[in-house]
Every structure is written in structure tokens, then in C-alpha cells.
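> this one's sequence-less:
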């Protein structure tokens, strides 16, 4: 009996205390340059993103833990991962949370962003929207960017690396010209650098021209959906 009591006492003495890491506020640490280097947003850009995501994340919170990661820090953790592509250890050490927490946070923030995509990535579809954009976008590009008339958007593709994914039998089609596995994603932005269209379904070996030709936007151009009457001649707008 005495030996059992001594075992319990010693076990309690050796039990590791719960340690809460210091979670700093990046706004207290970084100026615009340092903030952009770590999160790919300036301080003003971070405030814009936080104002959108924090209310949505607050609605998702279903934890009663006394030291839970707040929604603001969750956004910083996710953007650190998106901007650097580093392993979870980097985000863990940088923000004072565990690697498993970083993993869970990235999933929650990513799911929230996906749900909000249609509120912020908008391509005109109705006749009224198309008519408004035909007048607005070319004027903005001419005034703000390149002085090139009748441009409505800037389009390009970028490769997003895939790592340890289940490629299946068609693994080879995901290998791009640079030799690594990826998805080739097409983006279109307006003159104010707002993304207005995304195509993210083609494997890395797909050429950029094939993506635009088979996209809804490319097919709309082939049908002449973005043509308009200009006095007696039909003139097109460019992307």
C-alpha cells in the first residue's frame, strides 16, 4: 500500500505541466515590408482580409478550450503557409502553436475561403453585367495600366505544386515542363488587380493555350459573346 502511494506521489511530481506558448500579434512586430515578406500582404491588405474572414471564422468556432487560437491568428497562420509554402513546423514555431494546430487551422481557413469565392471572384454573365463591364474595364486598363485600348483583363497561368497526392494511373500528366507535379491554374484579373476568373482543374502538363481555349471565357470569345456594336462596325474587346 505504501509503495503504491509513493508511486502516485512520484508520478504527480514528474507530470509535465501544461505550457502555453507565447502568441505574438504580427501587427506589433512588422512594418509593411516585413509583413509582405512573410504573409504576401501589406498591413492594410491584412486588415482587409481579416475584416472579411474573422467574422466568418468566429461563426465556425465550436470549442470551449480555454486557450483556443483566435480567428485573427488563424488567418495569419494560414496566410503564412499560403505565402511561403513551408512545412507546418515553420508556422508552428512562428506563431507559437503546435504543428497539429497549424494543420487544422489551414483546413478551416481554406474551407472558409472556398465558401466565399463566389462573393469575390465574379465574372459578368448577364447582358446587363456584360454591357457595364464592356464600358468599365477597357477604360480602367487604358487609364491605369497600359494605355492599350479595349482590354478587359490580364490572363496568365501559374503552376501550383502538388506533393504526396494520390495521382492514380495518370500520374504522368501532372508533371509539368519544369519537372515537378502541379496543377496549371489560369487567373484573370482586372486593372485593379482583382481576380475575376479562375480555372483550376488542369494538370501541370497542360499548355496555357489549351486551358484558355477550353475555358468558359475562351469559348465565349469564340462565340462572339463579348462583341459589341461600335457605330457600323463590330469591334472586339481583348484579354
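Right, received. Where do you want to start? If you're wondering where the values come from, they're calculated on a predicted model, not measured in any experiment.
> Every contact and neighbour count from this point should use C-alpha atoms.
OK.
> What ranges does the protein have for its helices?
Applying DSSP state H to the chain gives helices spanning 2-14, 32-39, 43-60, 71-84, 88-95, 99-120, 127-141, 208-214, 216-223.
> between those, which gets the lowest average pLDDT?
For the helices of the chain, mean pLDDT drops lowest on helix 2-14, to a mean of 58.
> Need the residue closest to the centroid of the chain.
residue 82 (6.7 Å; CA atoms, centre = their mean).
> What sits closest to it if chain neighbours are left out?
In this structure, residue 82 finds its nearest non-sequential neighbour in residue 39, 7.9 Å apart by CA to CA, 6 or more residues apart in numbering.
> Let me see the contact set for that neighbour.
By CA atoms under 8 Å, 6 or more residues apart in numbering, the residues touching residue 39 are 76, 79-80, 82-84.
> Out of the residues you listed, which end up buried?
Taking 16 or more other CA atoms under 10 Å as the criterion, what is buried in the contacts of residue 39 is 76, 79-80.
> Kindly indicate which of these lies nearest residue 150.
Nearest to residue 150, judged by CA to CA, of the buried ones among the contacts of residue 39 is residue 79 at 34.9 Å.
> just to revisit the earlier point, just name the most buried of the helices of the chain.
helix 71-84 (a mean of 20; mean count of other CA atoms under 10 Å).
> Report the inter-axis angle for that helix versus helix 99-120.
With axes from the mean of the first three to the mean of the last three CA atoms, to 10 degrees applied, the angle from helix 71-84 to helix 99-120 works out at 90 degrees.
> Against which helices or strands is helix 71-84 packed?
In terms of contacts (3 or more CA pairs under 8 Å, 6 or more residues apart in numbering; DSSP states H and E), helix 71-84 is packed against helix 32-39, helix 43-60, helix 88-95, helix 99-120.
> and which of the contacts of residue 39 is nearest to residue 174?
Once CA to CA is applied, the member of the contacts of residue 39 that ends up nearest residue 174 is residue 82, at 20.6 Å.
> can you count the residues close to residue 201?
11 (other CA atoms under 10 Å).
> For it, give me its contacts.
Counted by CA under 8 Å, 6+ apart, residue 201 has contacts 183-185.
> mind giving me the domain split of this structure?
15-120, 127-236 (automatic domain parsing).
> returning to that earlier point: just curious, which of the buried ones among the contacts of residue 39 is nearest to residue 110?
Distance to residue 110, by CA to CA, is smallest for residue 79 among these, at 9.8 Å.
> Okay, the nearest residue to that closest one once chain neighbours are set aside and residue 32: tell me how far apart.
Using CA to CA, 6+ apart and skipping the chain neighbours, the partner closest in space to residue 79 is residue 39 (5.5 Å). Residue 39 sits 10 Å away from residue 32, taking CA to CA, to the nearest Å as the criterion.
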